[in-house]
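Chemist: coords please:
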Amino acid sequence: MSTKPRSAATYKDIQRVTGLSLATISKFYNGQNVLAENRRAIETAAAELDYRPNVFASSLRRGSTRSIGVLLPSLQVNFHLSIVVGIEKYLRGQGIGVLVTSNEFDGTPSNVDAVDLLRSRRVDGIISVPAMSDSSALASAVAAGVPVVTVDWRLPGLDADSVSLDNVQAGRVSGQHLIDHGHRTLGAIVGEPTMWSLEGRLQGFLAATTGSGLEIQSDHIQRAPLSVNDGYAAMMRLLSADVRPTAVFTANSELTVGAVIAINDSGLRLGHDISLVGFDALELAQVTRPKLTVFVQPVETIAAEAARIMSGRLDDPTGAGERLVRELPGRLQIGGSVLARHE
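Modeler: Numbering: from 1, shown residues only. Presented below is the predicted three-dimensional model:
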């Protein structure tokens with residue numbers, strides 16, 4: 001025997017229970033003043049009826065859904081998911097909902113454009129960790145008046161606010177730490193040239209080496225897609241080089257994990273035979289022996305700043321002014337994976 005689901009309660013149901021006018025009930029749910037006894041009657045009836053206001057419909061009537069789209073290149077990377085958590089944490093306090101999507105599904109490209117999907121859901125703005133393939137769709141959103149804030153990656157020509165780590169500082173501090181410990185034959189594992197954030201980290205790393213009068217061999221700069229397997233392969237190439245680096249900087253968390261596994265498999269001792277400064281990978285840093293030295297980006301602060309900028313754009317949608325560009329400093333968390341060499 002099937003039971004018919006009970007339909008959702010409406011204003012008319014509350015009117016039937018309380019005897020109040022629809023105008024009074026509407027005023028209450030739109031935040032206007034009503035008599036105390038009427039407020040108590042409405043709240044009691046709503047609890048009995050399990051009435052839940054349709055916030056989406058109310059927002060549409062006001063011309064706003066009070067929702068933000070978050071666009072990610074992948075739903076399988078810890079950094080991206082941490083960004084979502086930080087954005088949602090900030091915006092929930094502002095009464096703004098979050099809709100998360102990606103142009104990738106199970107590691108393969110989706111056949112539905114994620115930006116178009118978000119716009120079809122009438123989001124008030126988009127916070128994006130963009131891929132190059134998102135550039136055109138995001139530009140169209142901006143042209144249509146949709147506020148856009150990019151995180152971790154600045155797309156050329158996109159008229160949008162931006163929040164990221166100070167990537168040049170990250171690479172420079174990491175490289176200088178290796179140099180200060182006496183290392184002169186250095187290597188780095190970084191992303192492809194199109195990866196804006198990792199390219200900045202490489203620039204900072206090379207600035208540190210150049211400033212110290214060091215020249216890096218071309219085969220000591222290994223470029224790889226951002227995956228554990230590719231980080232592993234890149235580190236193995238460095239370890240098998242004719243002149244092996246004594247110290248390496250890995251510019252991304254997945255690359256760091258792969259590099260550590262490669263060192264373990266090679267039989268070399270981390271912090272003795274080979275030194276390493278990793279990136280993020282905080283959980284890994286706690287379980288390696290010795291503990292891994294890593295550069296840490298302030299993910300929660302980056303996410304909150306992106307959400308704060310977006311909230312400001314929604315509060316003043318007609319506000320003029322230059323686009324905001326925020327580059328936030330990170331910090332080096334010292335472990336024991338960098339050997340001090342005495343020449």
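
Chemist: Please enumerate the helices of the protein.
Modeler: 11-18, 22-29, 36-49, 55-61, 78-92, 114-120, 135-143, 167-180, 196-211, 228-239, 253-266, 282-287, 299-315 (DSSP state H).

Chemist: who wins for proximity to residue 102 among those?
Modeler: Closest to residue 102 of those, according to C-beta to C-beta: helix 114-120, at 6.0 Å. (Each C-beta comes from the backbone N, C-alpha and C, glycine too.)

Chemist: Any chance you could list what contacts the closest one?
Modeler: Residues from elsewhere that reach helix 114-120 (C-beta atoms under 8 Å, 6 or more residues apart in numbering): 69, 71, 99, 101-103, 126, 134, 137-138, 140-141, 144, 146.

Chemist: Quick one, which of those residues has the minimum pLDDT?
Modeler: Note: of the contacts of helix 114-120, the lowest pLDDT belongs to residue 103, at 73.

Chemist: so which of the helices of the chain gets nearest residue 328?
Modeler: helix 299-315 (5.8 Å).

Chemist: for that closest one, the distance to its chain's centre please.
Modeler: 12 Å (C-alpha atoms, centre = their mean, to the nearest Å).

Chemist: now stretch 265-278
Modeler: Here stretch 265-278 is found 30 Å from its chain centre; the criterion is C-alpha atoms, centre = their mean.

Chemist: Among the contacts of helix 114-120, the buried ones, what's the PyMOL command?
Modeler: Restricted to buried positions by 16 or more other C-beta atoms under 10 Å, the PyMOL selection for these reads:
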select buried, resi 69+71+101+102+103+126+134+137+138+141+146
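
Chemist: Now intersect the contacts of helix 114-120 with the strands, please.
Modeler: 69, 71, 99, 101-102, 126 (DSSP state E).

Chemist: In contact with residue 308, which residues?
Modeler: Residues near residue 308 by C-beta under 8 Å, 6+ apart: residue 90.

Chemist: Might you report the residue contacts of the residue positioned nearest the centre of the chain?
Modeler: By C-alpha atoms, centre = their mean, the chain has its centre lying nearest to residue 83, at 3.3 Å. Contacts for residue 83 were tallied using C-beta under 8 Å, 6+ apart; they are 70, 72, 129, 151-152, 299, 302-303, 306.

Chemist: please redo it, this time with the cut-off set to 7 Å
Modeler: 129, 151, 299, 303 (C-beta atoms under 7 Å, 6 or more residues apart in numbering).

Chemist: Residue 224 now?
Modeler: 189, 191, 230-231, 233-234, 255.

Chemist: is residue 270 in a bridge, and if so with what?
Modeler: residue 274 (DSSP bridges).

Chemist: Pretty sure it sits against residue 278.
Modeler: No: Residue 270 is beyond contact range of residue 278, at 10.3 Å (criterion: C-beta atoms under 7 Å).

Chemist: Compare these two (neighbour count), which wins?
Modeler: residue 278 (31 against 22; other C-beta atoms under 10 Å).

Chemist: ok, now how distant is the more buried one from residue 185?
Modeler: As judged by C-beta to C-beta, to the nearest Å, residue 278 and residue 185 stand 19 Å apart.

Chemist: since we're on the residue lying closest to residue 336 once chain neighbours are set aside, how many residues are nearby?
Modeler: Closest residue to residue 336 apart from its sequence neighbours, by C-beta to C-beta, 6 or more residues apart in numbering: residue 290 at 2.9 Å. Using other C-beta under 10 Å, residue 290 is surrounded by 15 other residues.

Chemist: can you check residue 229 too?
Modeler: Burial of residue 229, expressed as a neighbour count using other C-beta under 10 Å, amounts to 13.

Chemist: wait, residue 261 sits on residue 231?
Modeler: No: between residue 261 and residue 231 there is no contact under C-beta under 7 Å: 8.1 Å.

Chemist: neighbour-wise, which of those two wins?
Modeler: Each of residue 261 and residue 231 has its neighbours counted (other C-beta under 10 Å); residue 231 has more, 28 against 17.

Chemist: Local confidence estimate at the nearest residue to the more buried one once chain neighbours are set aside?
Modeler: Using C-beta to C-beta, 6+ apart and skipping residues adjacent in sequence, the residue nearest residue 231 is residue 258, 2.5 Å away. If you check residue 258, the pLDDT there is 94.

Chemist: Residue 258 and residue 272, how far apart?
Modeler: Using C-beta to C-beta, residue 258 is found at 20 Å from residue 272.

Chemist: With residue 202 instead?
Modeler: Taking C-beta to C-beta as the measure, residue 202 and residue 272 are separated by 26 Å.

Chemist: Comparing those two, which residue is more hemmed in?
Modeler: Between residue 202 and residue 272, residue 202 has the larger neighbour count (other C-beta under 10 Å), namely 23 against 11.

Chemist: isn't that one right up against residue 171?
Modeler: Yes: assessed by C-beta under 7 Å, residue 202 is found in contact with residue 171 at 6.0 Å.

Chemist: what residues do these two have in common as contacts?
Modeler: Both residue 202 and residue 171 are contacted by residue 251, under the criterion C-beta under 7 Å, 6+ apart.
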